[in-house]
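Undergrad: Please work out how this folds:
(chains A and B)
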Amino acid sequence: MRESIIMKIHYGTALGAVVLVAVHILMRMTQNFGQSLQYQNVIANYHFLPYALMLESILILLSVHGFNGLRVILLELKQGSSYEKMVNYGSIASMAILIAYGSRTILMAGMGMS
Amino acid sequence: MAVVTAPKPSEELISIDKTSDQLDTITLRIARSNPAAGHETTYSEFKVPVKKWTTVLETILYVKQNLDHAVAVRYSCRQASCGSCGMKINGKPSLACYTRVSELHSNVITVEPMNNFPIIRDLAVDFKQLISNHKKIKPFIIREDSEVTPESKEFIQTPKDVEKYLQFSYCIKCGLCNAACPTMATDTSFIGPQGLAQAYRYVADNRDKGKEDRLKIVDDSHGIWRCHFAGSCSHVCPKGVDPAMAIQLLRGYLLGFQK
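TA: Numbering: from 1, shown residues only, chains lettered A, B, ... in the order given. Next up is the predicted model:
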């Protein structure tokens, strides 16, 4: 993939994450902080489908943005074709694993399996 | 450009008049190293008499010709046109011929080789990568037709067209921007502000038809996106070129803001 396309995704995910995390924080402010962290309230978020979808979107946006950022940092630290290949594929694999694990948590909590 | 290691007999001797309007005697600290011979960097100190208009290059040449002939320094035009005498002067990448001792406001002047370049010896650095990155971005007008055939007219440009790239054509390839760039310090494959600014210079030229080629070259994992916009390249340029701005404008083409 061309670097400009990757960077467009990088900037897009940053903007998307800022908007969705802001919504997430505002939703927390509808009740006091201690209450929002109570078990029933946290689980209720996952049972509410639009909110669960928003959490899933935040997970994907932050994973893509974060792992691409890490990839860029690692590419600037050291150069070499095998190292760069390892960093590129390693970032994609780590991102996929994190998204899969996070999605599993969201799904399980949403289905009452936790 | 030549690496000068010892003065030739025919070379003009630099002598600074010690009697008339002499300002001061400064201490010139010159970084000495020879990586090929495995020598670590040491600093040699010299007392050099200076006047109001003495440049740092003149003090180095004074040392070469009167105190230590073995100081290695690259220089040529002595008027900020050739870009040969770039070095770190009191920590800042500058042209030695374009920096007056009096403007440094210090009696101790330390000259070191530029950062982010392999050292040949003392103050002389290797420009191989700078030149190869410069060549990589195809620094010439690309188009099928030519303005020199009898049938064709000259390529007419309005002053507005020229204004888009004029400041970037003032680059003298001295490498100070690359020496100041924090990305170049860690990413040895980075094209660097000099190459990227030159890419913009030709992309913005409406006579050029090689935009797509050049954008592909800079759109690399070690290309334009590795710039963090520190702006130090623009800060040190002795010719008033703003490579940081060129990089941002070039990004506009890749992000689709500019056509």
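
Undergrad: got a pLDDT number for residue 32?
TA: I'll assume chain A. We note a pLDDT of 84 for A:N32 in this prediction.

Undergrad: um, chain B though
TA: Taking B:R32 on its own, its pLDDT is 97.

Undergrad: secondary structure element for it?
TA: Assessed by DSSP states H and E, B:R32 sits inside strand B:22-34.

Undergrad: Now do the buried residues in that strand.
TA: By neighbour count on 16 or more other CB atoms under 10 Å in any protein chain shown, the buried set for strand B:22-34 is B:I26, B:L28, B:R29, B:I30, B:A31, B:R32, B:S33. Yep, even glycine has a C-beta here, placed from its N, CA and C like the rest.

Undergrad: could I have that strand exported to CSV, CA atoms only?
TA: Provided in CSV are the C-alpha atoms of strand B:22-34 (Å, rounded to 0.1, in the frame of the first residue of the first chain):
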residue,chain,number,x,y,z
GLN,B,22,41.2,44.7,15.8
LEU,B,23,38.3,43.6,17.9
ASP,B,24,39.6,40.7,19.8
THR,B,25,41.5,37.5,19.9
ILE,B,26,39.2,34.5,20.0
THR,B,27,39.7,30.9,20.8
LEU,B,28,38.8,28.7,17.9
ARG,B,29,38.1,25.1,18.9
ILE,B,30,38.2,22.7,16.0
ALA,B,31,36.8,19.2,16.2
ARG,B,32,39.5,16.8,14.9
SER,B,33,38.7,13.3,13.9
ASN,B,34,39.6,10.7,11.3
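
Undergrad: Tell me how many other residues surround B:D126.
TA: As a burial measure, B:D126 scores 14 neighbours (other CB atoms under 10 Å in any protein chain shown).

Undergrad: got any ranges where chain A has weak pLDDT?
TA: By pLDDT under 70, the low-scoring segments of chain A are A:114.

Undergrad: Return the closest of the buried residues of strand B:22-34 with respect to chain A.
TA: Nearest to chain A out of those is B:S33 (CB to the nearest CB; 23.9 Å).

Undergrad: helix or strand right after the strand holding B:R32?
TA: That would be, after strand B:22-34 and using DSSP H and E, strand B:39-51.

Undergrad: quick revisit: just the angle between the strand holding B:R32 and strand B:39-51, please?
TA: With axes from the mean of the first three to the mean of the last three CA atoms, to 10 degrees applied, the angle from strand B:22-34 to strand B:39-51 works out at 170 degrees.

Undergrad: Indicate each strand paired with strand B:22-34 and its parallel or antiparallel sense.
TA: strand B:39-51 (antiparallel), strand B:108-112 (parallel) (DSSP bridges).

Undergrad: okay, the buried residues of strand B:22-34 in TSV with distance to B:F127 next?
TA: Listed next are these as TSV, based on distance: CB to CB, whole Å:
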residue	distance to B:F127
B:I26	29
B:L28	24
B:R29	24
B:I30	20
B:A31	18
B:R32	20
B:S33	17
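
Undergrad: Residue numbers of chain B in contact with chain A?
TA: B:183, B:186-190, B:219-223, B:225-226, B:254-255 (CB under 8 Å from any CB of the partner chain).

Undergrad: Show me the strands in the chain, by range?
TA: No chain specified, so I'll use chain A. Under the criterion DSSP state E, chain A carries no strands.

Undergrad: meant chain B, my bad for not saying
TA: With DSSP E as the criterion, chain B has strands spanning B:3-4, B:22-34, B:39-51, B:73-74, B:86-89, B:92-95, B:108-112, B:119-121, B:124-125.

Undergrad: A:V23 is nearest to which of those strands?
TA: Of all the strands of chain B, strand B:92-95 sits nearest to A:V23, with 46.5 Å by CB to CB.

Undergrad: Tell me which other helices or strands that closest one touches.
TA: strand B:86-89, helix B:176-180, helix B:232-236 (3 or more CB pairs under 8 Å, 6 or more residues apart in numbering or on different chains; DSSP states H and E).

Undergrad: okay if I get the ones you listed as a markdown table plus mean neighbour count and mean pLDDT?
TA: Formatted as a markdown table, the helices and strands packed on strand B:92-95 follow (neighbours: other CB atoms under 10 Å in any protein chain shown; pLDDT from 0 to 100):
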| stretch | mean neighbour count | mean pLDDT |
| --- | --- | --- |
| strand B:86-89 | 25 | 97 |
| helix B:176-180 | 28 | 97 |
| helix B:232-236 | 21 | 97 |
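
Undergrad: For these, give me CSV that also has distance to A:V64.
TA: What follows is those, written out as CSV (distance: least, CB to CB, whole Å):
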stretch, distance to A:V64
strand B:86-89, 40
helix B:176-180, 32
helix B:232-236, 30
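
Undergrad: Looking at the ones you listed, spot the one closest to A:L107.
TA: helix B:232-236 (48.2 Å).

Undergrad: Give the full set of residues in contact with A:G80.
TA: If a contact means CB atoms under 8 Å, 6 or more residues apart in numbering or on different chains, then A:G80 has no contacts.

Undergrad: what about B:R121, distance to chain A?
TA: 26 Å (CB to the nearest CB, to the nearest Å).

Undergrad: distance of that residue from A:M113?
TA: From B:R121 across to A:M113, the span is 70 Å (CB to CB, to the nearest Å).

Undergrad: Please identify which of these two sits among more neighbours.
TA: Each of B:R121 and A:M113 has its neighbours counted (other CB under 10 Å); B:R121 has more, 20 against 9.

Undergrad: Not counting residues beside it along the chain, what's closest to that one?
TA: Residue nearest to B:R121 in three dimensions, not counting chain neighbours: B:A72, with 4.1 Å by CB to CB, 6 or more residues apart in numbering or on different chains.

Undergrad: Skipping its backbone neighbours, what lies nearest the most centrally placed residue in chain B in space?
TA: Among the residues of chain B, B:C174 comes closest to the average C-alpha position under CA atoms, centre = their mean, at 1.9 Å. Once flanking residues are discounted, B:C174 sits nearest to B:G83: 3.2 Å by CB to CB, 6+ apart.
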